[in-house]
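Asks: Fold the following.
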Amino acid sequence: MPPLGPEVERRQLGRAVAGAVVGLVVVVALLFLLGVIGVPDAGIEDNAWGEVEDGRIEILTTVWIDNPNPFSVGDDSDVEYDVELAGVPITEGNVGGVDVPSGRSTETFSAEFDSRQIAPWWRRHVANDEVSTAVVKATIHTSVGPGSVSRSDSYEHEIETDIEGALDRSFSQFEGTYSASADDVGGPDWLGIEPTVEVEDVTTNWGTVTEDSTEMVVTVRIHNPNIYPIPVPGFTGSVEFNGVPVADWDAGEVELRDLADDALIGGGESQERAFLIAMDNRNLAEWFGTHVDNGEETRVVVTGQFALTVRDVTVGIPPGDAGVTCEFDLTTAIFVDQEEGVSFDECR
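Replies: Numbering: from 1, shown residues only. This next block holds a predicted model:
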């Protein structure tokens with residue numbers, strides 16, 4: 001029998017290799033259908049904050065993978081994951097070429113928090129009575145058996161804060177009776193001008209919230225026990241989160257709801273006044289970085305003072321330069337295992 005030519009030998013070798021590959025695929029498919037080759041499972045192991053630096057916040061998502069086969073699936077697995085707060089996407093990632101060894105293993109993936117989404121999240125959080133749901137989703141795509149399979153898992157945690165309640169408690173410290181002497185208002189004693197003002201009630205609520213600003217509505221019930229009218233007191237103050245100013249206002253910047261600036265409170269009358277204060281949401285991203293870097297804890301400092309102007313002399317309520325300063329701690333548990341809430345500290 002004459003020897004085969006090179007071309008014939010190549011064709012025969014190609015057919016043999018192709019047959020072997022087809023046979024291997026058939027065997028693998030049969031083993032997969034018979035349950036001899038298992039499908040890897042996967043889920044979320046942990047979520048944590050990573051580094052916080054120069055406005056960058058890192059989120060670490062650890063995924064567990066359970067490969068029941070006695071062999072590695074290789075490095076052609078892909079992992080997708082995303083994180084939402086109150087339905088607002090704050091980060092997402094896709095990592096390919098993940099090796100899946102035999103048995104149970106974990107992989108940790110890093111993604112950057114999108115700080116531009118802080119303001120949209122805050123808007124939804126406040127509008128929903130300061131309740132948000134953190135949702136982390138992860139999906140692994142693995143090639144095993146005759147095709148690709150996917151496994152998904154999710155983690156949910158509800159976040160509750162009561163910043164409104166803490167602000168309400170802080171500003172309620174203004175309640176009381178305040179008087180000024182004739183010397184305070186620059187008049188002689190015989191004039192009998194010693195104005196007194198009674199702050200009967202102070203409540204604080206969130207008002208209109210946009211992505212640019214958050215409105216604080218401070219409603220004050222004021223009684224004028226004098227026989228002469230007095231002007232509506234002015235209101236100055238500030239709010240800081242971990243030293244980051246989120247609100248800072250003086251009397252001229254505060255809007256009075258449905259009231260002219262020169263309105264007076266008649267002698268013996270009680271009237272309610274609503275002060276509208278704008279909180280700057282542009283500083284929330286900077287604050288949130290400090291909150292994460294501090295283990296999800298924030299020190300909130302609230303200052304405020306009313307001012308009554310009589311005979312062109314302004315008298316502070318309470319008296320003094322600083323007025324009232326209150327401090328409280330805000331703790332969340334988005335990715336930190338701790339008790340969340342607001343702890344009121346002191347007012348001075």
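
Asks: Which residue ranges of the stretch 151-300 of the chain form helices?
Replies: For the stretch 151-300 of the chain, the helices defined by DSSP state H, counting those that start in this stretch occupy 163-171, 284-293.

Asks: Ends of stretch 121-135, what's the gap?
Replies: Distance between the two ends of stretch 121-135: 13 Å, counting by Cα to Cα, to the nearest Å.

Asks: Ok, stretch 318-325 next?
Replies: For stretch 318-325, the first and last residues are 11 Å from each other (Cα to Cα).

Asks: re the thing from before, Throw the helices of the stretch 151-300 of the chain into CSV and include distance to His223, thanks.
Replies: For glycine as for every other residue, the C-beta is placed from the backbone atoms N, C-alpha and C. Formatted as CSV, the helices of the stretch 151-300 of the chain follow (distance: least, Cβ to Cβ, whole Å):
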stretch, distance to His223
helix 163-171, 17
helix 284-293, 37
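
Asks: so which of these gets nearest Phe235?
Replies: helix 163-171 (9.5 Å; Cβ to Cβ).

Asks: just to revisit the earlier point, out of the helices of the stretch 151-300 of the chain, nearest to Glu255?
Replies: Closest to Glu255 of the helices of the stretch 151-300 of the chain, according to Cβ to Cβ: helix 163-171, at 16.5 Å.

Asks: in the closest one, what counts as buried?
Replies: Buried positions in helix 163-171, judged by neighbour count with 16 or more other Cβ atoms under 10 Å: Ile163, Glu164, Ala166, Leu167, Asp168, Arg169, Ser170, Phe171.

Asks: Output that helix in PDB with nothing but the alpha carbons.
Replies: Output of helix 163-171 as PDB, limited to C-alpha atoms (Å, rounded to 0.1, in the frame of the first residue of the first chain):
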ATOM      1  CA  ILE A 163     -32.100  64.100  62.100                       C
ATOM      2  CA  GLU A 164     -35.300  66.000  62.000                       C
ATOM      3  CA  GLY A 165     -36.100  64.900  65.500                       C
ATOM      4  CA  ALA A 166     -32.700  65.900  66.800                       C
ATOM      5  CA  LEU A 167     -33.000  69.400  65.100                       C
ATOM      6  CA  ASP A 168     -36.400  69.800  66.600                       C
ATOM      7  CA  ARG A 169     -35.000  69.000  70.100                       C
ATOM      8  CA  SER A 170     -32.100  71.400  69.500                       C
ATOM      9  CA  PHE A 171     -34.200  74.400  68.500                       C
END
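
Asks: average pLDDT for it?
Replies: Mean per-residue pLDDT for helix 163-171: 94.

Asks: helices or strands up against that helix?
Replies: Where contact means 3 or more Cβ pairs under 8 Å, 6 or more residues apart in numbering; DSSP states H and E, helix 163-171 is packed against strand 196-209, strand 297-310, strand 324-331, strand 341-347.

Asks: Outside of the third one itself, which residues are in contact with it?
Replies: Where contact means Cβ atoms under 8 Å, 6 or more residues apart in numbering, the residues beyond strand 324-331 that reach it are 161, 163, 166, 169-171, 173-174, 241, 291, 296-305, 318, 338-348.

Asks: Quick check: buried residues in it?
Replies: So for strand 324-331, counting by 16+ other Cβ under 10 Å, buried means Val324, Thr325, Cys326, Glu327, Phe328, Leu330, Thr331.

Asks: and it, how far from the chain's centre?
Replies: Centroid separation for strand 324-331 versus its chain: 18 Å, with Cα atoms, centre = their mean, to the nearest Å.

Asks: Switch the helices and strands packed on helix 163-171 over to a markdown table; also include mean pLDDT.
Replies: Shown next, in a markdown table, are the helices and strands packed on helix 163-171 (pLDDT from 0 to 100):
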| stretch | mean pLDDT |
| --- | --- |
| strand 196-209 | 94 |
| strand 297-310 | 89 |
| strand 324-331 | 94 |
| strand 341-347 | 88 |
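
Asks: so where's the stretch 1-150 of the chain shaky on pLDDT?
Replies: 1-37, 74, 144-147 (pLDDT under 70).

Asks: Which parts of it are helices?
Replies: In the stretch 1-150 of the chain, helices defined by DSSP H, counting those that start in this stretch lie at 6-33, 118-127, listed in chain order.

Asks: Quick one: the strands in the stretch 151-300 of the chain, in order.
Replies: Ranges of strands in the stretch 151-300 of the chain, per DSSP state E, counting those that start in this stretch, are 176-179, 196-209, 213-223, 230-231, 234-241, 244-249, 255-256, 264-265, 270-280, 297-310.

Asks: residues in contact with Arg116?
Replies: Ala285.

Asks: do you know how far Asp201 is from Ile222?
Replies: Taking Cβ to Cβ, to the nearest Å as the measure, Asp201 falls 9 Å from Ile222.

Asks: These two: which is more packed in?
Replies: Set Asp201 next to Ile222 and count neighbours by other Cβ atoms under 10 Å: Ile222 wins out with 22 against 14.

Asks: gap between the more buried one and Ser102?
Replies: The value you get for Ile222 to Ser102, if Cβ to Cβ is used, is 75 Å.
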